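Asker: Sequence and predicted structure below; questions after.
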Amino acid sequence: MKSIKTSILLVLTVLLLTPAILFAGGKKEEVKNELEIFSWWTAGGEAEGLEAMREIFEAKYPDVEFINATVAGGAGVNAKAVLKTRMQGGDPPDSFQVHAGHELIDTWVVAGKMEPITFIFKENNFLNAYPKDVIDIISYKGEIYSVPVNIHRSNVLWYNKQIFADAGITPPDSLESFFAAAEKLSGKGIIPLALAEAWTNSHLFESVLLGALGPGKYKGLWNGGTAWDDPGVIAAVEAFINILDYVNSDFSALAWEAAAQYVIDGKAAMYIMGDWAEGYFKSKGLTPGKEFGWAPSPGTAGSFLMLSDSFGLPRGAPNRENAIKWLTVCGSKEGQDAFNPKKGSIPSRTDGNKSLYDAYLKSAMDDWTSNTIVPSVMHGAAASEGWMEDYNNIITILIVEKNVDQAVKAFLKAAAKNLK
C-alpha cells in the first residue's frame, strides 16, 4: 500500500512539474535573435551612412533583427548620458558608438565594462589594414577595444561659394584674414560665421587653439607639454571672444545641422565644423565644390585635427555573437566603403576604394596621409571625458563672461586636476 501511494505521489509530481518544464523550454525557444546598436546618428548624412552599413549586415545575417537605437544630439551629448545610465545599470546595448581614444578607454575600458576585441582584428586580418597610429589610439595595455569605422576632420571651414564670389573674398587662411573677411560680410548684412549649440562652441575653440598654437604646442596642452597660460593660449581666447561678434545671435538655440542650413540658405557665409557637415550638405542635394567649398580652419593648414567613431563590445552584451558579427562588418572594407561616402568621412582602413569618394573626401584622404595629425578634444581623442567636460564648462562661462584672465586660470586649474 505504501509503495502504491509513493508511486501515485511520483506521478502527480511529474504531472505538476511538466507544464513548468514545458513553459521554461518554450521561453528558451522564444528568445529573439537580435542586435541592438546604440548611436547618435540621426541627422542627414550620418543616418544614411548607418543605414548603408545596416543593409550590408542584414544581407549577411537576414535572421538577425537589427534594432537601431539612436538618441538625437550632436557629438553624442544626449546619447552619452543615456548610455551611462544603461551601462551602470547593467543594461548595455550589444554595441555602441563611441569616439575612439580617451573617451572610450578612460570611461569604459579602465572601468572594466568592455571586452578586448583583438581577436576580431586577428581573425579578419584587420591589423594590416589599419595605420599603426590608429591601432595605438584604440588600444589599452596591449589589447584592442574598438573598431573605428571612419576618420573625421574637425578643423574644416565650410563656405557658401556664391556669397564668397559676390563679396569678392577667398577662404581665410589666418585669423587676421578671417576678421577682414568677417568685416566685409557684416557690411553686406550677411552673418560671417554660423554657430550652434554648446558643443559646437567648444568645437570651434579647439580649431582656434590649433590655429594660434600650431600642432606641436596644441598637442602639448593635453599631455602637460604646453602650459595653459602660454601666450598662444591667451591669443586664442582673445580671438575666440572677438569671433563671437560675427556669429548669429540665436546660436545657443540651434542644433548643429540648423547652423549648417544657414550656410545652405545663404543666411551665413561660413561654418567651422567637422566633415560630417559635408554629409549633411549632400543630403540636402548640394554638390561639393559647386554650392559649397571648404578649406582648413584659419591658421591650421597642414594640420589634420582628427577624431574617429568606433564601436566596441560591452561586457554582458545580451547578443554577444551578433555584436561580433556587427564589429566584423564595421571593420571590413565593404562596410567602410558603404558607410563613409554618405557620412562625410574617410575610411580608417588604408585600402578604401578612392573612386567611391567625392572631391572633398578625396582631398581629406590626401591630407590624412600628408598632414600633421592632431587629436580632437571635443570628440574624445585628446583627453579623458572628465577633462573634456571641464573644457566645455570653461568655454560655456567664457561665452557669457568674455573674461580672458578668468578663462586662462580655469584652464590651468583643470589641467592640474586632469593631468595628474
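Answerer: It's in. Numbers count the residues shown, from 1 in each chain.

Asker: Could you check which helix or strand contains Leu210?
Answerer: Taking DSSP states H and E as the criterion, Leu210 maps to helix 198-220.

Asker: my bad, should have said Ile67
Answerer: Using DSSP H and E, Ile67 maps to strand 65-70.

Asker: can you give me the strands for the stretch 301-420 of the chain?
Answerer: 303-307, 309-311, 313-314, 372-375 (DSSP state E, counting those that start in this stretch).

Asker: How far away from the center of its chain is the longest one?
Answerer: Relative to the mean C-alpha coordinate of its chain, strand 303-307 is positioned 13 Å out (C-alpha atoms, centre = their mean, to the nearest Å).

Asker: just the third one next, same as before
Answerer: Taking C-alpha atoms, centre = their mean, one finds the center of strand 313-314 at 18 Å from the center of the full chain.

Asker: just stretch 385-403 next, same as before
Answerer: 20 Å.

Asker: Show the pLDDT at Arg315.
Answerer: Note for Arg315: predicted pLDDT of 97.

Asker: same deal with Asn78?
Answerer: For Asn78, pLDDT reads 89.

Asker: what do you get for Gly187?
Answerer: As predicted, Gly187 sits at a pLDDT of 96.

Asker: and if you look at the one 4 residues further on?
Answerer: Looking at Ile191, its pLDDT is 98.

Asker: That one contacts Asp265, doesn't it?
Answerer: No - between Ile191 and Asp265 there is no contact under C-beta atoms under 8 Å: 10.6 Å. Yep, even glycine has a C-beta here, placed from its N, CA and C like the rest.

Asker: Give me the mean pLDDT for the helix holding Leu210.
Answerer: Per-residue scores along helix 198-220 average to 97.

Asker: and if you look at stretch 342-360?
Answerer: 94.

Asker: domains for this protein, by residue range?
Answerer: Domain assignment for the chain by automatic domain parsing gives 34-151+308-368, 153-306+377-418.

Asker: export those domains to CSV and tack on mean neighbour count?
Answerer: Listed next are those as CSV, based on neighbours: other C-beta atoms under 10 Å:
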stretch, mean neighbour count
domain 34-151+308-368, 19
domain 153-306+377-418, 20
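
Asker: which regions of the chain sit below the pLDDT cut-off?
Answerer: In the predicted model of the chain, residues 1-31, 75 satisfy pLDDT under 70.

Asker: all helices for the stretch 151-300 of the chain, in order.
Answerer: 161-167, 175-187, 198-220, 231-243, 256-264, 276-283 (DSSP state H, counting those that start in this stretch).

Asker: which residues does Leu313 form a beta bridge with?
Answerer: Glu115 (DSSP bridges).

Asker: That one contacts Ile117, doesn't it?
Answerer: Yes - the criterion here is C-beta under 8 Å, and Leu313 meets it with Ile117 at 5.3 Å.

Asker: which neighbours do those two share?
Answerer: 324, 327 (C-beta atoms under 8 Å, 6 or more residues apart in numbering).

Asker: For Val77, give me its contacts.
Answerer: 198-199.

Asker: mind redoing it with 6 Å?
Answerer: The contact partners of Val77, taken as C-beta atoms under 6 Å, 6 or more residues apart in numbering, are Trp199.

Asker: chain center to the helix or strand it falls within: distance?
Answerer: For Val77, the host element (DSSP H and E) is helix 77-88. Put simply, helix 77-88 sits 15 Å off its chain's centre (C-alpha atoms, centre = their mean).

Asker: again with stretch 67-84
Answerer: Computed by C-alpha atoms, centre = their mean, the separation of stretch 67-84 from the middle of its chain amounts to 11 Å.

Asker: ok, then the element right after the helix holding Val77?
Answerer: Sequence-wise, the next helix or strand downstream of helix 77-88 (DSSP H and E) is strand 95-99.

Asker: Listing partners with orientation, what would you give for that following strand?
Answerer: Here, using DSSP bridges, strand 95-99 pairs with strand 34-39 (parallel), strand 309-311 (antiparallel).

Asker: closest to Val82 out of these?
Answerer: Smallest distance to Val82 across these (C-beta to C-beta): 8.1 Å, for strand 34-39.

Asker: Return that closest one as PDB; C-alpha atoms alone will do.
Answerer: Extracted in PDB, the C-alpha atoms of strand 34-39 (Å, rounded to 0.1, in the frame of the first residue of the first chain):
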ATOM      1  CA  GLU A  34      18.600  40.500 -32.100                       C
ATOM      2  CA  LEU A  35      21.300  43.000 -32.400                       C
ATOM      3  CA  GLU A  36      20.900  46.400 -30.700                       C
ATOM      4  CA  ILE A  37      23.100  49.200 -31.900                       C
ATOM      5  CA  PHE A  38      23.200  52.400 -29.900                       C
ATOM      6  CA  SER A  39      24.300  55.700 -31.600                       C
END
